[in-house]
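*Asks:* build me a model:
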Amino acid sequence: MPVRVGILGATGAVGQRFIQLLDDHPTFELAAVTASESSAGKTYRDAAKWRVNTPIPDDVASMTVVETDPSSIPDDVDLLFSSLPSGVAAEVEPAFLEAGYVVSSNSSNDRMADDVPLTIPEINPGHLDLIEVQRDARGWDGALVKNPNCSTITMVPTLAALDQFGLESVRVSTLQAVSGAGYSGVTSMEIIDNAIPHIGGEEAKMETESRKLLGTFDGTEVDLHGMEVAASCNRIPTLDGHLENVFAETAADVSPEEAAAAMREYPGVDLPSSPDQLIHVFEAFGRPQPRMDRGRGDGMQISAGGLQATDAGLKYNCLAHNTIRGAAGASLLNGELLVEEGWV
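*Replies:* Take a look at the predicted model:
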């Protein structure tokens, strides 16, 4: 039997990616789409300004959008995906959790909360056990699981592969696509022939979320990883795909060849949306590139390249599709893990 799911905030950019990725999904059946009060009551076709590069699935186009309220969700829905703006999600998500829903959320609120799993299934699936701590602390029957920020999820798999060498510090400079700001987030006058050397809140997310993802769960709480992380985040005029320049210092000496092997061999997970190989490593120094490589593994694979040894440690580039692997696809994969582990 398929698991019936809903999308909170289904008409936005990430919500549209959810709909694209859920089309013909082997486990999930889309049963509810929610949006703002102004969109409720309309068909999805009329409510959404569709901007994804595939057509709206016919069955979704004719669905009626409902208000983002637990009373609007059919009783047989088992799992909700949240793509709400973080300010809205902070107010709305608790009502769904108190109503007993399991929510896999891309929204940034509560990612660093002590009792909320911040999860990448290939990296720290065991952190899902924080759900029991969360339920005890908050007194609800539902469960809230978060995926990390799109820039964080691009880098952390490569760091997880290098952690066997003793990660001590990480410096990263990002070149982030305009889709990460949403359709109206950056105007053409701002970004054409330009680069913007600041993205509000992005650097702090990378610096904290990375340490939680690679931290150790002791059954009660997550002890943050001890590495130092410093980030500089920049917006550039590419549509999709975040490219990042990483400088990693490790306790043990590591050659570029050893680092490449560690990344290539880092294990994936057996879930429908996970790529067969989590990290693809290019030998050519000119790759990865956003336009050429963001679609690898149906947009779910991490790419790395340009590995070099320096006096300050290892440097390399990494890339991921920010609205697939870095957003909707990340939440979808967490949903698959929740089903696999019996939380749904």
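
*Asks:* got the contact list for the closest residue to residue 110 other than its chain neighbours?
*Replies:* Leaving aside its sequence neighbours, residue 110 sits nearest to residue 116 (CB to CB, 6 or more residues apart in numbering; 4.9 Å). Just so you know, the C-beta spots here come from the backbone N, C-alpha and C atoms, and that holds for glycine as well. By CB atoms under 8 Å, 6 or more residues apart in numbering, residue 116 lies in contact with 110, 130, 134, 144-146.

*Asks:* what of residue 124?
*Replies:* Residue 124 touches 213-215, 217, counting by CB under 8 Å, 6+ apart.

*Asks:* verify the stated contact: residue 242 with residue 151.
*Replies:* Yes. The pair residue 242 / residue 151 is scored as a contact, 5.6 Å apart, by CB atoms under 8 Å.

*Asks:* quick check: residue 247 vs residue 311, distance?
*Replies:* 11 Å (CB to CB, to the nearest Å).

*Asks:* scratch that, residue 50 is what I was asking about
*Replies:* 50 Å.

*Asks:* out of the two, which sits in the more crowded spot?
*Replies:* Comparing residue 50 with residue 311 by neighbour count (other CB atoms under 10 Å), the higher total belongs to residue 50, at 16 against 4.

*Asks:* surely the more buried one and residue 16 touch.
*Replies:* Yes. The pair residue 50 / residue 16 is scored as a contact, 6.4 Å apart, by CB under 8 Å.

*Asks:* ok, back up a step: neighbour count winner among residue 242 and residue 151?
*Replies:* Shown here are residue 242 and residue 151; by other CB under 10 Å, residue 242 has more neighbours (30 against 27).

*Asks:* assign a three-state SS to residue 155, would you?
*Replies:* At residue 155, secondary structure determined by DSSP: H, G, I helix; E, B strand; the rest coil is helix.

*Asks:* where do the strands sit along the stretch 201-344 of the chain?
*Replies:* 216-217, 222-223, 228-235, 242-250, 279-281, 302-310, 313-320 (DSSP state E, counting those that start in this stretch).

*Asks:* indicate which one of these is closest to residue 190.
*Replies:* Nearest of the strands of the stretch 201-344 of the chain to residue 190, taken as CB to CB: strand 228-235 at 8.4 Å.

*Asks:* show me what counts as buried in that closest one.
*Replies:* 229, 231, 233-235 (16 or more other CB atoms under 10 Å).

*Asks:* residue 123: how many residues sit nearby?
*Replies:* That count, for residue 123 with other CB under 10 Å as the rule, works out to 22.

*Asks:* what's the spacing between the closest residue to it other than its chain neighbours and residue 234?
*Replies:* Of all residues not flanking residue 123 in the chain, residue 160 sits nearest, at 5.0 Å (CB to CB, 6+ apart). Distance, residue 160 to residue 234, by CB to CB: 24 Å.
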